[in-house]
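Q: pasting the structure only:
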C-alpha cells in the first residue's frame, strides 16, 4: 500500500515538474497545441499570439469575384473582412484553477485545442470598394453618350446602366469564404440586385446643341437675291457629337453641310468656258483664254456657318467659288501640247460638192483634243452627217458600187487623219479601208467612214494630249497632230494576198521607236479591196441590199492623182 502511494506521489511530482518546466518556465500565456482557425499559437504569450494572428494569414485569402465572363481578384481583407483577435486570444489564454493546470497541461500533450475565430465584414468598406472599382469588376466602358436625331430631335440612343450589387448577400458569401480559410482561391459570383442609370451628361449636350440651332439660319450668296432658311430640324442633322465622357465636343459634319448648301444654291453662278488651242501662222501652239465660271460656295462656308451658330447670328452671306469642274489653263498646260508629231496631206479637185463636206468636217473637228489614254471617234465627235449640219450630197461607195449620199467625200478626211495618226505612232481602234482602192490614197494605208459604221477611232497611247488640227485649201486637206514627241513611226514593209476569188488583202507594217528608251515595236494595219461591182466570191454586188456598207468617196475617174 505504501509503495503504491509512493508511486502515485512520484507520478504527481513528475507531472507537476513537467508542467512547471514546459508550461511555466518554457511556455507562454497560451497552452501548447492551441490554434485559432488553423493558426497555431500554442506556448506563445499574448503579444506574440496577437502578432501571429494579425499578420494577415486569417484575412488574406485570395477571392475572385466574377460576373459573367468578367472577373476581378482581390483578398478578403481588401473587401473589409476583419478578425476579433482579442476575443480569440482571451479564449485561448483562459486557464483552469491553478491546482488543475497540471492536469490541463497533461491533456494538452494528448490533444489540441482548436478555437474558431470570430469574423466580421464592414459593409461600408465593401460598398466603397465597388464604388471605386466597379467598372473594372464589370468591365464597363460607358464612353460618351451616343446622341442621334430622331424625328427631328436630339435623342440619347444608348442609355447606360450600372449593375447594383446586393451587398448583404455578397457580405455573407465573402465571410463564408474567409472562414473557410483554405489555400485555394475562392470564386464568388457577384449577386446583382438591379440596375442604376448612369448620367453621362447627354442632357447638357443636347441642351447646348439645341441652343446652337435655335431659330434656324438664313443663308444667302453674294450677288444673289435668293435667301434660304435652314430650319432647326435640318441643322440638327449637321451636328456631330464627339470627344470623350470627360471632354465631350460638338462640331459640324462639314461634308454634309457643304453638300446641302451647294444643293440649295445649285442654280447660281455661271458655266465655265474651257481654254482652247490654236495654231498660229508660224505653226506654234497657242492656248487661248478661258472663263473659270462660278458656283456655290467657297470652301470656308462651313467654318462661317459654324461661327454663326456659335455666335447666335441669324443670317450669313456666303461667297461663290470658281467652278471646280471647269478645266482651266492649268489643265490645258498639263497636256503638254507643244509641237507637231504627225501630219499628212491628200488632194482633191476644186469645186466638187464633196469638197464642201471635206471642208465642213475639217471645220467641225479642228481643235479636238484626245486626252492621254483617250480616244477620238469621228462618228461620236461629229455625229450623223446631215444637211442641217452643213453637209451636202456627194459620191459614196455602196457595197462595192459608186453612188451618192449626204456627206459623201469625208472618207478623204478619214484617210488623211488615219495617215497622220499612223506616222504620229498612235494606236487605232475601229477602222476600215475603202472597199475599192482609189489611187489618190496611199495603197493599203487608208480609212473610210459612214454612220453609224464603219468608224475611225484614234487611240492616244501617250502620256500627253493630242490636238487634231485639220486645214483645207481649194485642192487639198492636211491633218496635223500636235503633242509632245513620244515616238518615231515609219512604214517598214507591205505585203498582199488573194482573198476569195476577186479580193486582195493588204498588210502594211509599221515600226515604232520610243524616244525615251529606244525600244522598238512592229505592228500592222490592213486593207481589203475588190473590183467595182463584185463580191470577194466573184458574185455581183447588189447596191439595193440594205445590209450593204456605204463609204464616202467618189469614182477615181472624177479625181486627180
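A: Looks like it came in fine. None of the values given here were measured: they were computed from a predicted structure. Numbers count the residues shown, from 1 in each chain.
Q: Can you give the domain ranges for the chain?
A: Taking automatic domain parsing as the reference, the chain has its domains at 27-200, 203-331, 337-558.
Q: could these be laid out in CSV, adding mean pLDDT?
A: Shown next, in CSV, are the domains of the chain (pLDDT from 0 to 100):
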stretch, mean pLDDT
domain 27-200, 77
domain 203-331, 88
domain 337-558, 88
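Q: Need the winner for burial among the ones you listed.
A: Stretch with highest mean neighbour count among the domains of the chain: domain 337-558 (a mean of 18; mean count of other C-beta atoms under 10 Å). (C-beta placed from N, C-alpha, C; glycine too.)
Q: Off-centre distance for it?
A: Offset of domain 337-558 from its chain centre (C-alpha atoms, centre = their mean, to the nearest Å): 47 Å.
Q: what do you get for stretch 70-89?
A: Offset of stretch 70-89 from its chain centre (C-alpha atoms, centre = their mean): 54 Å.
Q: Then residue 257 would be within a helix, right?
A: Yes - the assignment for residue 257 is a helix, going by DSSP: H, G, I helix; E, B strand; the rest coil.
Q: so it makes contact with residue 236?
A: No - with contacts counted by C-beta atoms under 8 Å, residue 257 stays clear of residue 236, the gap being 11.9 Å.
Q: Next one: the spatially most central residue of the chain from residue 297, what distance?
A: The residue lying closest to the centre of the chain (C-alpha atoms, centre = their mean) is residue 255, at 14.8 Å. Look at residue 255 and residue 297: by C-beta to C-beta, to the nearest Å, they are 14 Å apart.
Q: Repeat that for residue 209.
A: In terms of C-beta to C-beta, residue 209 sits 24 Å off from residue 297.
Q: Equivalent analysis for residue 30, please.
A: According to C-beta to C-beta, residue 30 and residue 297 sit 92 Å apart.
Q: Run through the neighbouring helices and strands of the strand or helix carrying residue 358.
A: Element membership for residue 358 (DSSP states H and E) is helix 353-365. In terms of contacts (3 or more C-beta pairs under 8 Å, 6 or more residues apart in numbering; DSSP states H and E), helix 353-365 is packed against helix 378-382, strand 393-398, helix 411-424, strand 466-472, strand 476-483.
Q: Show me where the protein has its helices.
A: For the chain, applying DSSP state H gives helices covering 2-18, 46-53, 85-93, 101-110, 123-138, 167-180, 202-213, 232-238, 254-264, 301-311, 329-334, 353-365, 378-382, 411-424.
Q: now these in a markdown table, with distance to residue 534?
A: Below are the helices of the chain laid out as a markdown table (distance: least, C-beta to C-beta, whole Å):
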| stretch | distance to residue 534 |
| --- | --- |
| helix 2-18 | 145 |
| helix 46-53 | 124 |
| helix 85-93 | 126 |
| helix 101-110 | 137 |
| helix 123-138 | 94 |
| helix 167-180 | 106 |
| helix 202-213 | 82 |
| helix 232-238 | 73 |
| helix 254-264 | 63 |
| helix 301-311 | 71 |
| helix 329-334 | 50 |
| helix 353-365 | 24 |
| helix 378-382 | 28 |
| helix 411-424 | 20 |
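Q: Relative to residue 346, which of these is closest?
A: helix 411-424 (4.9 Å; C-beta to C-beta).
Q: JSON lines for the helices and strands packed on helix 353-365, including distance to residue 183?
A: Listed next are the helices and strands packed on helix 353-365 as JSON lines, based on distance: least, C-beta to C-beta, whole Å:
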{"stretch": "helix 378-382", "distance to residue 183": "89"}
{"stretch": "strand 393-398", "distance to residue 183": "107"}
{"stretch": "helix 411-424", "distance to residue 183": "92"}
{"stretch": "strand 466-472", "distance to residue 183": "88"}
{"stretch": "strand 476-483", "distance to residue 183": "88"}
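Q: Could you say which one of the ones you listed comes nearest to residue 458?
A: Using C-beta to C-beta and comparing the helices and strands packed on helix 353-365, the one that lies nearest residue 458 is helix 411-424, at 4.8 Å.
Q: tell me what that closest one is packed against?
A: Judged by 3+ C-beta pairs under 8 Å, 6+ apart, helix 411-424 is in contact with strand 339-347, helix 353-365, helix 378-382, strand 466-472, strand 476-483, strand 487-499.
Q: Pairing partners for the fourth one, with directions?
A: To tie it back to what came earlier, the one meant is strand 466-472. The strands beside strand 466-472 in its sheet (DSSP bridges) come out as strand 368-370 (antiparallel), strand 476-483 (antiparallel).
Q: want to throw those into a markdown table with distance to residue 187?
A: Shown next, in a markdown table, are the strands paired with strand 466-472 (distance: least, C-beta to C-beta, whole Å):
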| stretch | distance to residue 187 |
| --- | --- |
| strand 368-370 | 78 |
| strand 476-483 | 80 |
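Q: Wait, residue 87 touches residue 118, no?
A: Yes - contact criterion C-beta under 8 Å: residue 87 and residue 118 qualify, at 5.8 Å.
Q: Next, the contact list for residue 500, please.
A: Residue 500 is in contact with 535, 536, 537, 538, counting by C-beta atoms under 8 Å, 6 or more residues apart in numbering.
Q: Same check on residue 145?
A: Counted by C-beta under 8 Å, 6+ apart, residue 145 has contacts 156, 158, 160, 200, 201, 202, 205, 241, 248.
Q: now do 10 Å
A: Residues in contact with residue 145 (C-beta atoms under 10 Å, 6 or more residues apart in numbering) are 156-160, 198-206, 241, 245, 248.
Q: Among the residues you listed, name the ones in strands.
A: Among those, the members found in strands (DSSP state E) are 156, 160, 198, 241, 248.
Q: Report the beta-bridge partner residues of the first one.
A: If I follow you right, that is residue 156. residue 147.
Q: likewise residue 428?
A: As for beta bridges, residue 428 partners with residue 458 under DSSP bridges.
Q: pretty sure it contacts residue 460?
A: No - using C-beta atoms under 10 Å, residue 428 makes no contact with residue 460, being 11.2 Å away.
Q: Overlap of the contact sets of these two?
A: In contact with both residue 428 and residue 460: 375, 421, using C-beta under 10 Å, 6+ apart.
Q: Excluding residues flanking it in the chain, which one is nearest residue 212?
A: Nearest non-adjacent residue to residue 212, counting by C-beta to C-beta, 6 or more residues apart in numbering: residue 309, 4.7 Å away.
Q: Could you report the separation of residue 463 from residue 333?
A: Using C-beta to C-beta, we find residue 463 at a distance of 14 Å from residue 333.
Q: make that residue 143, sorry
A: From residue 143 to residue 333 the distance is 51 Å (C-beta to C-beta).
Q: Check residue 416 too.
A: For residue 416 relative to residue 333 (C-beta to C-beta), the value is 28 Å.
Q: ok so, going back, now the helix holding residue 358 and helix 411-424, what's the angle there?
A: Computed with axes from the mean of the first three to the mean of the last three C-alpha atoms, to 10 degrees, the direction of helix 353-365 lies at 50 degrees from that of helix 411-424.
Q: Please renumber the chain so that the first residue is 62 from this point on.
A: Noted, 62 is the first residue going forward, which turns the last one into helix 414-426.
Q: how near is residue 524 to residue 402?
A: 13 Å.
Q: whoops, I mixed them up, residue 124
A: Separation of residue 124 from residue 402 (C-beta to C-beta): 86 Å.
Q: circling back: compare the helices of the chain and report which one is nearest to residue 514.
A: Of all the helices of the chain, helix 439-443 comes closest under C-beta to C-beta, at 7.3 Å.
Q: what sits against the closest residue to residue 502 other than its chain neighbours?
A: Nearest-residue entry for residue 502: residue 476, 5.0 Å, with adjacent residues in sequence omitted and distances by C-beta to C-beta, 6+ apart. Residues counted as contacts of residue 476 (C-beta under 10 Å, 6+ apart) are 405, 407, 494-495, 499, 501-503, 506-510, 517, 538, 540, 614.
Q: now do 8 Å
A: Applying C-beta under 8 Å, 6+ apart, the residues near residue 476 are 407, 502, 503, 507, 508, 509.
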